[in-house]
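**Q** coords please:
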Amino acid sequence: MATLESYVEALIAELTRIQDPGTVPGPDKEGFSFPGQIAVGNDRFITTTREMERLIELSSRELKRSDPVLSRSHTDSEWNRIVRGAFGPALMLIDLDDDRQKNARTVLAAVRAAVSGPVKTHGPAEHAFGCTLFSNFEVAPFSIGPVQFEPRPAWLERKLTEGDVSKTTARRVMRVWSGGKPRKRKTSVDSIREQDILDAVGKCPYVCSVRTEGLASEAGRLKAQTAARLALTGIALRWAVSSKALEGFRLLVDPSVRRQRSLVFIPKVKTLCGGNLMGLPHGPNISPGDWAKELADYRDYFDVVGEAINYYLSRDGKVARPRLMNTFAQSLLWFHEGCRDEVELMAVVKFSACLDALASGGKSNGIRSLVRARLGMQDENPIRKDGPTMRQAVEEIYSSGRSRTIHGTNDKITNDWSSTRALAEQFARLCLLMSLDWAASNLTSDDPLALKR
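**A** A predicted model of the protein is given here:
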């Protein structure tokens with residue numbers, strides 16, 4: 001089995017090989033036009049071949065695999081760039097005529113030392129996204145764990161107070177948000193920040209801010225977006241039809257509200273273009289007072305959602321209840337994706353995955369155990385008047401919907417799955433709500449299996 005040291009040895013061998021004239025492939029060889037380059041300092045570069053690039057990427061993977069924190073704090077592309085940049089100066093430390101194993105150890109030690117610095121320098125950051133929320137734009141700022149929601153004027157005032165935005169920029173941004181048009185500004189760092197705010201918030205009435213710690217730039221941005229969506233899902237769960245609420249809860253980076261147009265031609269019939277609206281411009285209507293009461297009445301519930309988000313954003317996963325929070329983070333994410341999916345059957349698959357995650361696996365038997373424990377429903381009791389039994393409902397969602405679709409054996413894929421989707425969403429929502437409520441009442445438990453007892 002190949003090791004990190006063997007990759008570095010092979011890299012040095014390849015570097016040695018291309019020292020001979022004519023060994024670097026030209027435009028018609030190996031499928032690429034130009035060789036790569038890695039900076040080594042003092043405006044000098046090492047020419048690389050495709051094989052060298054492959055070996056550097058393999059080395060990067062091994063270095064990342066050896067440190068679990070890196071998998072949480074850096075994307076693969078970010079880490080590859082860091083490692084690739086470290087190899088240039090490291091390769092300049094050796095004489096290619098020396099013992100190759102000794103050279104490999106020297107290069108690897110230098111690379112390890114170089115990449116350990118960037119890992120430790122990623123401090124706290126706050127990621128801000130324009131977002132829609134309630135139809136009432138006057139809800140007071142509130143937080144769910146590390147995620148904060150604020151009307152955009154309140155957010156701008158906070159940024160001004162914290163020194164992240166200048167008085168001039170704040171004044172000009174507010175003027176734009178009020179429908180005005182400020183005079184053209186001389187290009188500067190401050191003017192660029194002004195445009196950044198206008199682009200990132202857009203016409204959204206709210207700003208969602210996510211605090212991260214110890215995450216690299218790209219990883220922090222991507223995880224902050226997902227954390228914001230988890231928080232929006234936690235809010236939407238308070239509504240009976242959560243998917244409808246989520247249609248109006250959107251980050252500016254998400255697909256916007258849009259009308260889908262379609263042309264239909266029927267022989268000997270004149271038809272006009274049809275269409276349907278995807279998404280809503282804002283979420284449900286709720287007064288500031290009613291939402292404040294909701295936050296107060298269900299504070300424990302929102303705290304557990306925040307706890308799950310903190311786990312998801314954690315650089316090392318060392319939180320109070322990592323196993324249980326891992327379960328909740330996955331369940332919330334699956335529920336969010338089920339609500340967002342435009343294909344009915346795929347939504348059934350994702351809501352079923354939400355239930356499966358809460359049940360810690362176990363297939364339909366595990367889900368029924370979860371439903372019995374959290375919802376108090378028995379297998380052979382109807383879920384509603386003249387409706388299917390709980391066992392039949394779970395079989396429809398899990399076996400007929402999820403399992404057969406995933407395994408490619410669903411012979412009813414062409415059927416309408418909208419009713420099953422609604423049923424799956426209802427079960428997933430209620431089980432998720434009651435499981436979060438259970439976690440709020442059992443603060444010392446870190447056992448996901450306890451959700452089924």
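**Q** who's in contact with E396?
**A** E396 sits next to 388, 420, 423 when contact means Cβ atoms under 8 Å, 6 or more residues apart in numbering. C-beta: built from backbone N, CA, C; applies to glycine.
**Q** Would you confirm that it belongs to a helix?
**A** Yes - under DSSP: H, G, I helix; E, B strand; the rest coil, E396 falls within a helix.
**Q** Can you tell me which of the contacts of E396 is closest to V111?
**A** Proximity to V111 was ranked across the contacts of E396 by Cβ to Cβ; first place goes to T420, at 52.9 Å.
**Q** need the contact list for that closest one.
**A** Taking Cβ under 8 Å, 6+ apart, we find T420 in contact with 344, 348, 396-397, 400-401.
**Q** My understanding was that V139 contacts L133; is that so?
**A** Yes - using Cβ atoms under 8 Å as the test, V139 is close enough to L133 to be in contact (7.0 Å).
**Q** okay, now V189: neighbour count?
**A** Around V189 there are 8 other residues, counting by other Cβ atoms under 10 Å.
**Q** what about it, distance to D196?
**A** Distance, V189 to D196, by Cβ to Cβ, to the nearest Å: 10 Å.
**Q** what's the closest of the contacts of T420 to V304?
**A** Proximity of the contacts of T420 to V304, judged by Cβ to Cβ, is greatest for I397, which lies at 24.6 Å.
**Q** which SSE is the closest residue to that closest one other than its chain neighbours in?
**A** Spatially, and ignoring its direct neighbours in sequence, I397 is nearest to A424 (4.6 Å; Cβ to Cβ, 6 or more residues apart in numbering). Element membership for A424, per DSSP states H and E: helix 418-441.
**Q** Report the mean per-residue pLDDT for that helix.
**A** Here the mean pLDDT over helix 418-441 is 97, rounded to a whole number.
**Q** Same question for stretch 387-403.
**A** Averaging pLDDT along stretch 387-403 gives 94.
**Q** can you pull out the strands in the stretch 251-400 of the chain?
**A** Using DSSP state E, counting those that start in this stretch, the strands assigned to the stretch 251-400 of the chain run over residues 258-262, 274-278.
**Q** Compare these and give me the one nearest R384.
**A** Distances from R384 to each of the strands of the stretch 251-400 of the chain were compared using Cβ to Cβ; the shortest belongs to strand 274-278, at 29.0 Å.
**Q** contacting residues around the nearest residue to P284 once chain neighbours are set aside?
**A** Nearest-residue entry for P284: A245, 5.5 Å, with adjacent residues in sequence omitted and distances by Cβ to Cβ, 6+ apart. A245 sits next to 235-236, 238-239, 283-284 when contact means Cβ under 8 Å, 6+ apart.
**Q** just to revisit the earlier point, are there residues contacting both of V139 and L133? Which ones?
**A** With contacts defined as Cβ under 8 Å, 6+ apart, the residues shared by V139 and L133 are F149.
**Q** With neighbour numbers in mind, choose between those two.
**A** Neighbours were tallied for V139 and for L133 using other Cβ under 10 Å; the higher tally belongs to L133 (25 against 22).
**Q** Tell me how far the closest residue to the more buried one other than its chain neighbours lies from N310.
**A** The shortest distance from L133 to any residue other than its chain neighbours is 4.6 Å, reached at Y206 (Cβ to Cβ, 6+ apart). As defined by Cβ to Cβ, Y206 lies at a distance of 21 Å from N310.
**Q** what's the helix or strand for the residue nearest to P284?
**A** Under the criterion DSSP H and E, the helix or strand holding A245 is helix 242-247.
**Q** Report the mean confidence score over that helix.
**A** If you average the pLDDT over helix 242-247, you get 96.
**Q** I'd like the distance from that helix to the chain centre, please.
**A** In terms of Cα atoms, centre = their mean, to the nearest Å, the gap separating the centre of helix 242-247 from the centre of its chain is 19 Å.
**Q** again with stretch 72-83
**A** Centroid separation between stretch 72-83 and its chain, computed with Cα atoms, centre = their mean, is 16 Å.
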